[in-house]
Each structure stands twice: as structure tokens, then as C-alpha cells.
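Student: Quick one, what's the 3D model for this:
(6 chains)
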There are 4 protein chains.
Amino acid sequence: MTQPREVREAIMSAALVVFTEYTYGGTAMAPLAERAGVAVGSIYRHFPSKEALGNAVYRRWKTRLGAHVIDSVAADVADEPIRARFGRMWRGMVAFAVEHPDAFAFLELQQHQSYLDAENAALTERIYAAAGELISAGQARGEIRPGDPTVLMSLAYGAFIGMCASMRGSGLDEERLALSENAVWDLLRCP
Amino acid sequence: MTQPREVREAIMSAALVVFTEYTYGGTAMAPLAERAGVAVGSIYRHFPSKEALGNAVYRRWKTRLGAHVIDSVAADVADEPIRARFGRMWRGMVAFAVEHPDAFAFLELQQHQSYLDAENAALTERIYAAAGELISAGQARGEIRPGDPTVLMSLAYGAFIGMCASMRGSGLDEERLALSENAVWDLLRCP
Amino acid sequence: MTQPREVREAIMSAALVVFTEYTYGGTAMAPLAERAGVAVGSIYRHFPSKEALGNAVYRRWKTRLGAHVIDSVAADVADEPIRARFGRMWRGMVAFAVEHPDAFAFLELQQHQSYLDAENAALTERIYAAAGELISAGQARGEIRPGDPTVLMSLAYGAFIGMCASMRGSGLDEERLALSENAVWDLLRCP
Amino acid sequence: MTQPREVREAIMSAALVVFTEYTYGGTAMAPLAERAGVAVGSIYRHFPSKEALGNAVYRRWKTRLGAHVIDSVAADVADEPIRARFGRMWRGMVAFAVEHPDAFAFLELQQHQSYLDAENAALTERIYAAAGELISAGQARGEIRPGDPTVLMSLAYGAFIGMCASMRGSGLDEERLALSENAVWDLLRCP
DNA sequence: CATGAATGAGGATTCATTCAT
DNA sequence: TATGAATGAATCCTCATTCAT
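Tutor: Below is the predicted model of the structure:
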């Protein structure tokens, strides 16, 4: 806890936990500090404001979650079918949600408009856009059903979030994972 | 505005608007009262607390939204195919979201854990369960793919919410509605 | 204390007292509220911020003090000698300082740059300018010594403030008043 | 900077600058330390508290400013006219204000009651008293007008401060200096 | 001795709720 | 019954001071 890095980590880690449990707006700095094992004032040595802390936590985890999406799109392996790329993206997001359930709940099950900065808004947009490209590419190849890609993306991503929300706590087994992946692919693919 | 009923209505109506715009937590009683055209103190004659008001608003609209779900399930018309019942439910929810965009945004695009009472939690559960029954019935008839009905329901309802969220503002045309209904049905139906 | 006016007055009155004793920056809202006999939150119903309260107090008293200056200049009685007008202004300011020692100490013995708004800065300028006009008029009539009017004004007003500061507490008798008036007039007048 | 003496000097020098710019109360220890090129903690090795530092700075400069006053009084050159001694004192103070504008502004244009210790209060008194003696001596010799010496002193010193305050920034030329010296002497001298 | 991160009391401000009118 | 001013606990943030390295 003596390394500045460690304190910063302790704060970000505690922030994720308490923000996830009580939401950003519902969390006071005092309990957050207590959870991190530091004094309130110490938080302000590492983050200029609660808002900055919220954005730092959001940015860190959204970036990691986005990596799964962006990687799976970027990996433009020659003639790899869209289905395979979708599968990679889906399982990547599932892996993230399973490994970091708090981070996922914080990111996708809560609202952030009130404090998100422009950089984070852009980051969120970028990830959305990357997923949209996968849809468009699939449509171009006749593997994904025609129609407004935004609608399809919202449906698929909404489905993912809905599933994660409902499974939060109970856990996801292989069977359920396969079910949801196949079901959402059927939502997307050309019938 | 002299009838107690009318005042209560004015308050609930104003609450829906401001809660939707600023969220429950982000709304102070003073602007709410101003919007309703009453004094702050008057709100407390009709609702014992902000929490109670939030729950009243939630209950009213969740009940109405739930009616579309429950009705479409209850209407156990002999051998009506599940697809038709799903279509009725889907279009019912869409109609609700289109007719009452504020209410829908309030109900499904915001978080309520911090103040929802047990009754409302149960109500939400009940609606979820009703939708789950439609899934189960469809599975029993071989029309909906096998697997954990909760997963399928979360996927489908999540897709619905995701679509509504992304379309909020821009609006939903017939084409997009048809697209989403078909896509989500393909998510549910036996492949 | 039930009239809003009375509460506002109580707050402004308490503010003058505590600001004078502890300075604006050295005064916390809690003791101020206690002195005014109201809760801290009540202050914010009447003044949007501590800064606004400080400015309101400053404005009120600076306006009153300035009236003595401006009136004595405005009263452009035909051929009234400058000496007479100076005497009126001087005694007016003395009367103010004697009747409202707290207000005078607050206004002239403390610093306000950190919170004064533009309106108050302009007000202060205006009063300074009015006094400057008296000097210029006196110079034009050959009654006040030639030279930069700003310098003469700063000397005279500084002398006034210095005297009031040093007399704060002990009080000013007729003899001392006459002495200071004559001395400052000799500072100004053509030798 | 390795000599304790040098560090102490760096701190006192930085303190004068930042206190003058932001006032004692408006200055935090961190920027003060940064300006001095030392760590915050190091300040506390040389001064037990912010208050002690403020008093040290005040004491140093008030002593130097006071020297001009006290010297001009002490120099009881036989039959030197009071006018000459006043002139020396006046020009001494002007020289100080011109050579050390920050120090003068800090000392005379700011408030120190909130932290000044007894020693500094006594020092201030002593200088005041010394100047008062010059007045009394002048009165005894019939060169300064009769009346309460304290009043005359406050008037004269207030005039000096007022002039310096108003000239801060723009600067004092020879003409204005002569004007002010003569004017204040006319304030003091027997008419 | 110097450092600067950590501390936590204290300050301004907000807002759900109460209650005198 | 309706009003809205009053309340004061709770919030975010600052900063003088301490102390482990």
C-alpha cells in the first residue's frame, strides 16, 4: 500500500466494487475510502474528483471489454466466416462478464451519462461502431440478415446484456452459453 | 386541480417526466413540485416520501406494460400458435414503448434497485414469469428452441430493451419493427 | 422572524457582524447561521452562495457610504466653496463611520477582491470617481492644490481610513473630528 | 539550497511572494513549497506552523520598514527641523515601498489580525509609537499642528498607505512623490 | 534531513422532509 | 387543505500537519 501505484489500484478496485453495488451516484466518498483502506483525502491525491475517478474506472474496464469486441472484428482472417468471428466475439464478451462480473455489471447494467467525459463517450461509440462493422460485413457476405445494422446490433447486444443481468449471481454453465450464442446468432443470421 | 385525485395525477405525471429526464436519484422535490404546479409540501400529503412516489410511478407503468405481456400469455386461445402469441406480445410492448416513450424509458432504461419496494419487485418478477411461461409453452409445443427458459427470456427481453434504447429519439418505422420482431422470433424459435 | 424579509435581514445583519470580526474568508457558514438564529440551509434560501451574501452585504453598505460622498458632490450649490463641500463630505463619512462602525470596518478595513462581483467593483469605482470630481472641481477653482487628482484623493481617503482604523474602539470626539477635517483639508487645499 | 539557512530563505522569500499575491489565508502550503523549491514537509522543519511562517515573514519586513521610521526619529540631530526629519522618514518609507513592493503590499495592504502573534503586534505598536514621537516632538517645537498625535499619525500614515495602494502597479514618479510629501506635510504642519 | 503521500477535521452546499401559517 | 420557508444531516472537496521512507 506504500507504492503510489498500489494506492491508486486499491482505490480503483474499491470504487468498482462500491459503484457496482450502490451505483456511482449512490456512493459517498467516505465508504469508498474505507473500503479502499485509505483516508478520504487520499483519494483526491490520485483523482481530482469523484467524477474523474468514475471515468477512470469506466475507462479501464470499458477498454478491456472493448478489446474483446475490437479484436474479434479486427482479426480479419481471409475467408473466415462471420459466424466464426461472431462466435469469438460472443465468447470473448462472455469470458469478460464471467471473469469480471462486477466490472461488467458496472459497465453495462448501470447508467453513466451524468458523469461520463467525452473520451469515454467516444470510447463507447468506438466499440459500438466496431460491432456494427461486423454486422455490416456479415450482411455484405450474405451471412447476416439484411436490414438496419444498428437495429440488429442493438438487439444482439441487448440480448447479451439481458442474459448477463439475469444470470448475475446464478452463473453461466456451458449449456446456457451455447444456447445463448446459438440463439443470438439465429437472431442475426440470414434465415 | 382542486380534486385530490387531480393533484395526485399531476404529481405522478410530473414525476414521470422529470424522473425520466433526470433519473429518480437526480431529481429534487422542488423542481418536481414546480412541474406539477403544486407546492413541495403538497406532494407529501399524497405520498409519504419520495421513495413512495417513485414506487407509485413505477407500479402504475410497470403494471400497464406488464398487462401487454400477461394478456398475450393469458389469452390461451386453443391452438393458437406460439408465434402468433409472441407477435401479439411483441407488438403490444412496442405499442407501449411508442405510445408512452417516457414511461418505457423510465421503466426499462433506468435503475430502480435503490428504492423499489417489495411489491414492485414482485410485480416485476411476475411479469418476467409470465413471459417465461410463454417460452415454456412454446417449448412444450416444439415451437421454441429447447433450453433454460430464463436464458431465452432474458435474451429476448434484453433485445427488446436494447432496440428501444437505441431507437429512442430517432423513432421506429414499420420496417425496423418487422425486422426486429422476426429477428427475435428467430432467436426464440426452434431452428 | 417569520417574514422572509426579516430572515433576510437577520442573515445580512449577522453576516456584517461576523464578517467584520473574522473577515469574509475567516467566517464559516455555521457560526454565521447561528448568529442569525437560523439554520445553515436557510441562508441558501435567501442567498445562492456565501459569495452572493458577501456581495449583498458589501453592496448595501457601500451604497449607503457612497451616498454621503456622491450627495456632497452632486449638491452643486452655485458658488458654494469647495471647502464647504469637502466639509460636508467629510462629516458625512464620519457620521457613517460613527453610526455604523461595523459596516465601515467591514467595507474599508478588509479586503474584498477575492469575492467582489463586477457590480460592486463598479460601485466602488463610481464612488471613487465622484470623490475625484470634487478634487478636480476644486483644482479648477484654484481651491485645491494642483497635481494628479488621484494621488490627492488616495491621500485624503487613506487618511480618513487610517484615522477611523486607529479610532476604532476608542471613539471620536468633536475635537478630534475638527482636527482631522482641518488637517485633511490642509492636505488638499492650495497652500 | 543545502544550507539550512538557504532553505529558510527560500521559504520566506516564496512565502512573501505568494502571501502577497493570494493573501495569507488564501495560500496553501503546497504551492508555497513548490514556489520555494522544497517539499511541504521541509517547511515544517524550519517553521513549526503556517502561522509561525506568516509571523516570521511579517516580522522580518515590518522590522525593516520600521527601521526607516525609527531611524528618522532616533536621528535626533540637534536642531534639525521636524520638516527635514519628516522628509527623511517619508522618503525612507517611499524607498522601501518602491524597492520592496511585495513586502510593502503584504505588510500594509493586507490583514494580519487572524494570525499575528504578540511580538509582532508589539512591534507594530512600537513603530507606530516611534512615528508618534516625531509628531509630538514637532508639536513641542511648534512645527506640527496641535492636537491628538495619534490622530495626526493615523491620518499621515493612512495617507501614505492610500497613496501606495492606489499607485501599486502604475508606479510613482518624482512629481507625484513631491506632491504627496508636501501635501502630507501640510496635513501635519502648523497652519 | 528531506521528501511527499497520507490523514481527517472542517468548509460550502444540497435536498428530503417538516410544520407554522 | 395547501403552502413554501426552515431544517440539518449528508455530500464533495480542501488543506494544515504528520510521519514512514
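
Student: Quick check: pLDDT value at A:Ala137.
Tutor: Turning to A:Ala137, the model gives it a pLDDT of 91.

Student: which ones are touching it?
Tutor: Going by C-beta atoms under 8 Å, 6 or more residues apart in numbering or on different chains, A:Ala137 touches A:Ile82. Backbone N, C-alpha and C define where each C-beta goes, glycine included.

Student: ok now the strand or helix carrying it, how far from the chain's centre?
Tutor: Assigned by DSSP states H and E, A:Ala137 belongs to helix A:118-140. Offset of helix A:118-140 from its chain centre (C-alpha atoms, centre = their mean, to the nearest Å): 13 Å.

Student: Next: stretch A:97-110.
Tutor: Worked out by C-alpha atoms, centre = their mean, stretch A:97-110 lies 7 Å from the chain centre.

Student: Quote the end-to-end distance of it.
Tutor: From its first residue to its last, stretch A:97-110 covers 14 Å (C-alpha to C-alpha, to the nearest Å).

Student: wait, does that stretch contact chain B?
Tutor: Yes. Stretch A:97-110 is in contact with chain B by C-beta under 8 Å from any C-beta of the partner chain, via A:109-110.

Student: Would you mark the buried spots in that stretch?
Tutor: A:97, A:100-108, A:110 (16 or more other C-beta atoms under 10 Å in any protein chain shown).

Student: before we move on, back to that, ok, and for the helix holding A:Ala137, which residues are buried?
Tutor: Buried residues in helix A:118-140, counting neighbours by 16+ other C-beta under 10 Å, are found at A:120, A:123-124, A:127-128, A:130-135, A:137-139.

Student: Counting by contacts, list what the lengthiest helix in chain A packs against.
Tutor: Ranked by residue count and defined by DSSP state H, the top helix of chain A is helix A:50-74. The helices and strands touching helix A:50-74, judged by 3 or more C-beta pairs under 8 Å, 6 or more residues apart in numbering or on different chains; DSSP states H and E, are helix A:4-22, helix A:82-99, helix A:101-108, helix A:118-140.

Student: what's the average pLDDT for the host helix or strand of A:Trp185?
Tutor: Take DSSP H and E as the rule and A:Trp185 turns out to sit in helix A:174-188. In this model, helix A:174-188 has an average pLDDT of 95.

Student: Check stretch A:49-64 too.
Tutor: Average pLDDT, stretch A:49-64: 97.

Student: Do that stretch and DNA strand E come into contact?
Tutor: No. Using C-beta under 7 Å from any atom of the strand, stretch A:49-64 never reaches DNA strand E; the gap is at least 11.9 Å.

Student: and that stretch, does that touch DNA strand F?
Tutor: Yes. Using C-beta under 7 Å from any atom of the strand, stretch A:49-64 reaches DNA strand F at A:49-51.

Student: between these, which is closest to D:Ala30?
Tutor: Nearest to D:Ala30, judged by C-beta to C-beta, of the residues of stretch A:49-64 next to DNA strand F is A:Ser49 at 17.2 Å.

Student: Tell me how many other residues surround the closest one.
Tutor: Each residue near A:Ser49 was counted by other C-beta atoms under 10 Å in any protein chain shown, and the total is 12.

Student: Next: A:Pro149.
Tutor: When neighbours are defined as other C-beta under 10 Å, A:Pro149 has 18 of them.

Student: and it, what does it touch?
Tutor: A:132, A:135-136, A:139.

Student: quick one: contacts for the residue nearest to the spatial centre of chain A?
Tutor: Residue closest to the mean C-alpha point of chain A, counted by C-alpha atoms, centre = their mean, is A:Leu65 at 4.5 Å. Counting by C-beta under 8 Å, 6+ apart, A:Leu65 touches A:93, A:96, A:103-104, A:107, A:127.

Student: Tabulate those residues (JSON lines), appending distance to D:Pro31.
Tutor: Output for these, formatted as JSON lines (distance: C-beta to C-beta, whole Å):
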{"residue": "A:Met93", "distance to D:Pro31": "47"}
{"residue": "A:Phe96", "distance to D:Pro31": "43"}
{"residue": "A:Ala103", "distance to D:Pro31": "37"}
{"residue": "A:Phe104", "distance to D:Pro31": "42"}
{"residue": "A:Leu107", "distance to D:Pro31": "38"}
{"residue": "A:Ile127", "distance to D:Pro31": "40"}
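
Student: Which of those residues sits closest to A:Glu9?
Tutor: When the contacts of A:Leu65 are compared for distance to A:Glu9 (C-beta to C-beta), A:Ala103 wins out at 14.0 Å.

Student: Next up, the contacts around that closest one.
Tutor: Shown in contact with A:Ala103 (C-beta under 8 Å, 6+ apart): A:16, A:20, A:61, A:64-65, A:96.

Student: Also A:Lys50?
Tutor: By C-beta under 8 Å, 6+ apart, the contact set of A:Lys50 is A:29, A:115.

Student: re the thing from before, now flag whichever of the buried residues of helix A:118-140 is closest to DNA strand F.
Tutor: A:Asn120 (16.7 Å; C-beta to the nearest atom of the strand).

Student: The closest one reaches A:Lys62, doesn't it?
Tutor: Yes. The pair A:Asn120 / A:Lys62 is scored as a contact, 6.8 Å apart, by C-beta atoms under 8 Å.

Student: Can you verify my assumption that A:Asp102 contacts A:Val17?
Tutor: Yes. Contact criterion C-beta under 8 Å: A:Asp102 and A:Val17 qualify, at 6.1 Å.

Student: Which secondary structure state is assigned to the closest residue to chain D within chain A?
Tutor: Chain A approaches chain D most closely through A:Arg45 (10.7 Å), counting by C-beta to the nearest C-beta. A:Arg45 carries the three-state label helix when classified by DSSP: H, G, I helix; E, B strand; the rest coil.

Student: Tally up the residues packed near it, please.
Tutor: The burial count for A:Arg45: 13, using other C-beta under 10 Å.

Student: so where is chain A shaky, pLDDT-wise?
Tutor: By pLDDT under 70, the weakly predicted segments of chain A are A:1-4, A:75-78.

Student: Quickly list the domain ranges of chain A.
Tutor: Structural domains assigned to chain A are A:1-47, A:55-188, following automatic domain parsing.

Student: Of all those, which one is nearest D:Gly37?
Tutor: domain A:1-47 (20.6 Å).

Student: what's A:Trp71 in contact with, if anything?
Tutor: Slight slip there: residue A:71 is Asp, not Trp. A:Asp71 neighbours (C-beta under 8 Å, 6+ apart): A:Gly92.

Student: meant to ask about A:Gln139, not that
Tutor: Counting by C-beta under 8 Å, 6+ apart, A:Gln139 has contacts A:145-146, A:149.

Student: can you redo those residues as a markdown table with secondary structure?
Tutor: Output for the contacts of A:Gln139, formatted as a markdown table (three-state DSSP):
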| residue | secondary structure |
| --- | --- |
| A:Arg145 | coil |
| A:Pro146 | coil |
| A:Pro149 | helix |
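
Student: Name the nearest of those relative to D:Ile161.
Tutor: A:Pro149 (74.4 Å).

Student: can you pull the contacts of the closest residue to the closest one other than its chain neighbours?
Tutor: Counting by C-beta to C-beta, 6 or more residues apart in numbering or on different chains, the nearest residue to A:Pro149 once its immediate chain neighbours are dropped is A:Ile135, at 4.3 Å. A:Ile135 makes contact with A:144, A:149, A:152-153, A:156, A:188, according to C-beta under 8 Å, 6+ apart.

Student: Let me have the residues you listed in TSV, extended by distance to C:Tyr24.
Tutor: Below are those laid out as TSV (distance: C-beta to C-beta, whole Å):
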residue	distance to C:Tyr24
A:Ile144	67
A:Pro149	60
A:Leu152	61
A:Met153	56
A:Ala156	59
A:Leu188	65
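
Student: Need the buried ones from the residues you listed selected in ChimeraX.
Tutor: Buried members of the contacts of A:Ile135, defined by 16+ other C-beta under 10 Å, are picked up in ChimeraX with:
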select /A:144,149,152,153,156,188
